[in-house]
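Novice: next come a sequence and a model predicted from it.
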Amino acid sequence: MASVASKRGELKEKIITDSIINIKEMFREETINNVIDLLYQDIDILQNKISLIDYNFMSPFSSLGSKFYRYYIKDTIDYKGEKVIKLLFSPIDKQSFSFEGEMYVAYESNHKVMFFDMKTREDINLNFAENLHIMQSFKIKDGVVYKDEEVLEMDIEANKKLPALHIKRNEIFTELTPAEYALTTTENTQKINIQNLRPKELDQEGKGVYKMVDDLNENKWWKSRLAILKVLSTGYHITAKKRLVVGNIFSLLNYNEPEGFKLSGSYKTLPKLHPKINSEGHLSYGFRDKKWKYAFNIGYSFNAPFDEFPEHYFDYSYRRIVRFPGDYFDLSDYEPSYATMRLGDIQNFLFIDDHTISYLKEYKNNFMFKLSLTKGEYSGYGRLNYKIPEYTFGTDTGLFNDFRANLTLVYAPNQKYFRSRMERVQLMTRYPHITLSYDKGFKNVLGSNHDYSSLRMYIVKRINLSFLGYTYSSLKLGYTWGDIPPMFMYTPRANIGFVIPGAPTGIDMFNMHSDMEFIADRYAQLQLTHYFNGFFTFKIPLIEKLNIKEVVTFRSIMGDVSGVQRTKIAKLQGVNSNAFHTLKPTLPYMEASVGIENIFKVLRIDLIRRLNYLDSYSLNTFSSWGPYSIRIRLITTL
């Protein structure tokens, strides 16, 4: 329940109290709210498009509506004391992302919309979603039109032979009596009985949901199956008393050249163990190099429980791990086994041994800052070799001793997250996610050998393009100066596996260059992935029956190495084959792909081409030949 007030023409909403029924331990309330908000965004019928479940529907009230809809005057009737014109509308193209239905338009009050009821046609391809229905009704008071009810519902159907999942949201807007309003101003709003404030009593369907969830929460058969389902879907197991998470079964056994086959395991504490103190750790053993690697973190949260938004904590972490180049900032060593199936001879890795203390503060407006201090030693591992005279410090060559401070600022307006027990995943929305980071390396502090600065900016945004689909876009800029260690210079992240990672991780990776192939200390990187949502394939006879959709990508980076570092990088090229290449300042590296997704509703296949810098590239496997490659991804969409 929320109170809505208008101030200078802008609506302000304040949540007073809520009531969520949930199958215990299946979903977190924060995640339920965020996913519902993402699926059911505010519907403004006067906009040109209505964005729902990853699709952009053309609104019948759009300025372009006459090109997509046919309108018919049906009748003149009375509605809520107003004389209204009843209009029917239907799409010209029956397979377009549009609606059919009816609307009531006030006859005398400047032709204001008083009611509309619309749904999608059966001809439209919405994959798992069916029967999308929207209804809004309005009333006029003192010459102003107010919304008094909204219904949005749909069916999710994975298979015609299986029962469909019906999802419904019903919002009712009403004026409170003075006594009811007094209840909403109490300080402890959680004590409000929301049932006493309902404008309408729950129907039998709604009451049945409450009873069903209560029954499931007490059903032992359901609880045991749910526990197995969680392990198979997430890879993690929650211990009996809900105090610890262990896993991941998907990364239990993986492989790389320097370490060979590697056994791995991780843990993370939950708020039931301690609401403010949290810890997580990772342990692995490589059978080829016969070495243990490990990492752990312990933190104190100023809020309880420690994993709820907004976060506010102080923590310490230690890592002694082997990482793929470009991934050295992450604590955990989680990598699904299928992702270790690399293309080509991949042996360039980093050995990391560092300590970090950090302080993080988040705010409810989605602004966050993080301060950290790191002391560490870094060296090449496997075939990666930093042993040149310029990188000799005392008796050590190719071993970098570093002490640095970092300030990271993040602003993500209206951002939503999916919270699992192990991590918080960003949900891509139309609002930008902006990260600004500054590193300062200090020489002669705790044995450090480097004095440098590094400034980075990263922007991720989803761009909706109406009936043409939507684009995931990312822009990354960076500039470093001073005597920076080469592993802290920018190396574009390379996806050299068979599988295309998903957003937001996948939109920051290149698919057609090898690990450590390029390096830069000043750079600009642009990556675009556009989903047409069947704009072309849904118009091709017979092909449209397959319900497949088009995807195109473009990825590019331009950069350079400053004169101070160029001599050192040239010598690193001499001791590392096919690595440490520099980009031409006026010629960006580029790659592009075309793909088809929703094959059998779960598969995506991309044909990728490297567009330039072909003289420095050599990779031929059963899925890659010359500048071309084929990659796959398993994914389902509504």
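Specialist: That came in fine, so what should we check first? What you see is a predicted model, and the numbers here were worked out from it, not measured in a lab. Numbering: from 1, shown residues only.
Novice: quick one, helices of the stretch 501-638 of the chain?
Specialist: 563-575 (DSSP state H, counting those that start in this stretch).
Novice: how about the chain?
Specialist: Per DSSP state H, the chain carries helices over the ranges 29-39, 178-184, 204-217, 220-234, 563-575.
Novice: contacts only, for the residue nearest to residue 478 when sequence neighbours are not counted.
Specialist: The shortest distance from residue 478 to any non-neighbouring residue, by C-beta to C-beta, 6 or more residues apart in numbering, is to residue 456 (4.4 Å). C-beta: built from backbone N, CA, C; applies to glycine. Neighbouring residues of residue 456 by C-beta atoms under 8 Å, 6 or more residues apart in numbering: 435, 436, 437, 438, 439, 476, 477, 478.
Novice: thought residue 312 was touching residue 300?
Specialist: No. At 10.0 Å, residue 312 does not count as touching residue 300 under the criterion of C-beta atoms under 8 Å.
Novice: mind listing what's buried in stretch 462-476?
Specialist: Residues of stretch 462-476 classed as buried: 462, 466, 467, 469, 470, 471, 472, 473, 474, 475, 476 (neighbour count, 16 or more other C-beta atoms under 10 Å).
Novice: again with stretch 435-452
Specialist: Residues 435, 436, 437, 439, 441, 448, 449, 450, 452 are the ones in stretch 435-452 that count as buried (16+ other C-beta under 10 Å).
Novice: now swap in stretch 107-124 and tell me
Specialist: Going by 16+ other C-beta under 10 Å, stretch 107-124 has these buried residues: 112, 113, 114, 115, 116, 118, 120, 124.
Novice: next one: the first one from residue 87, what distance?
Specialist: Going from residue 112 to residue 87 by C-beta to C-beta, to the nearest Å gives 13 Å.
Novice: who touches both of those two?
Specialist: Taking C-beta under 8 Å, 6+ apart as the contact rule, residue 112 and residue 87 both touch residue 105.
Novice: low-confidence ranges in the stretch 351-500 of the chain?
Specialist: 418-423, 425-426 (pLDDT under 70).
Novice: 90 instead?
Specialist: 364, 380, 382-399, 413-431, 462-470, 484-488, 491-500 (pLDDT under 90).
Novice: how about the strands of it, start to end?
Specialist: Taking DSSP state E, counting those that start in this stretch, the strands of the stretch 351-500 of the chain run over residues 367-382, 392-393, 396-397, 399-411, 416-419, 424-427, 433-441, 452-464, 470-482.
Novice: can I get the last one as CSV, trimmed to CA atoms?
Specialist: Written as CSV, here are the backbone C-alpha positions of strand 470-482 (Å, rounded to 0.1, in the frame of the first residue of the first chain):
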residue,chain,number,x,y,z
TYR,A,470,16.1,-2.8,-27.9
THR,A,471,19.9,-2.4,-27.5
TYR,A,472,22.2,-3.2,-24.7
SER,A,473,25.0,-0.7,-24.9
SER,A,474,28.2,-0.1,-23.0
LEU,A,475,30.9,2.6,-23.1
LYS,A,476,34.2,2.3,-21.3
LEU,A,477,36.8,5.0,-21.2
GLY,A,478,40.2,4.9,-19.4
TYR,A,479,43.4,6.8,-19.0
THR,A,480,46.5,5.9,-17.0
TRP,A,481,49.8,7.8,-16.3
GLY,A,482,53.0,7.0,-14.4
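Novice: sheet partners, orientation included, of it?
Specialist: Here strand 470-482 has these sheet partners by DSSP bridges: strand 452-464 (antiparallel), strand 522-531 (antiparallel).
Novice: which residues touch the spatially closest residue to residue 133 that is not a sequence neighbour?
Specialist: Distances taken as C-beta to C-beta, 6+ apart place residue 119 nearest to residue 133, at 4.3 Å, with adjacent residues excluded. Contact analysis of residue 119 by C-beta under 8 Å, 6+ apart lists 99, 100, 101, 131, 132, 133, 134.
Novice: return the set of residues that bridge with residue 256.
Specialist: Using DSSP bridges, the bridge partners assigned to residue 256 are residue 260.
Novice: hmm, it is touching residue 350, no?
Specialist: No. In this structure, residue 256 is not within contact of residue 350 by C-beta under 8 Å, at 11.9 Å.
Novice: give me the common contacts of these two.
Specialist: In contact with both residue 256 and residue 350: 322, 324, using C-beta under 8 Å, 6+ apart.
Novice: the nearest residue to residue 306 once chain neighbours are set aside and residue 304, how far apart?
Specialist: Leaving aside its chain neighbours, residue 306 sits nearest to residue 278 (4.8 Å; criterion: C-beta to C-beta, 6+ apart). Using C-beta to C-beta, we find residue 278 at a distance of 11 Å from residue 304.
Novice: for residue 78, same thing?
Specialist: From residue 78 across to residue 304, the span is 56 Å (C-beta to C-beta).
Novice: got it, and residue 496?
Specialist: Counting by C-beta to C-beta - residue 496 and residue 304 are separated by 42 Å.
Novice: okay, those two: which has more neighbours?
Specialist: Neighbour totals were compared for residue 496 and residue 304, and residue 496 leads with 21 against 12 (other C-beta atoms under 10 Å).
Novice: give me phi/psi at the more buried one?
Specialist: With angles defined as degrees, to the nearest 10, residue 496 sits at phi -110, psi 20.
Novice: I figured it hits residue 348, correct?
Specialist: No. Here residue 496 does not reach residue 348: they are 10.4 Å apart, not a contact under C-beta under 8 Å.
Novice: find the residues that touch each one of those two.
Specialist: residue 515.
Novice: for residue 606, list each beta-bridge partner.
Specialist: Judged by DSSP bridges, the bridge partners of residue 606 are residue 595, residue 631.
Novice: leaving out chain neighbours, which residue sits closest to residue 561?
Specialist: Spatial nearest neighbour of residue 561, chain neighbours left out: residue 582 (4.9 Å); criterion: C-beta to C-beta, 6+ apart.
Novice: and the strands in the stretch 101-250 of the chain?
Specialist: Using DSSP E, counting those that start in this stretch, strands in the stretch 101-250 of the chain cover 113-119, 129-141, 144-156, 165-172, 236-238, 244-247.
Novice: just the buried positions in the fourth one, please.
Specialist: Going by neighbour count (16+ other C-beta under 10 Å), the buried part of strand 165-172 is residue 167.
Novice: and that strand, what other elements does it pack with?
Specialist: In terms of contacts (3 or more C-beta pairs under 8 Å, 6 or more residues apart in numbering; DSSP states H and E), strand 165-172 is packed against strand 144-156.
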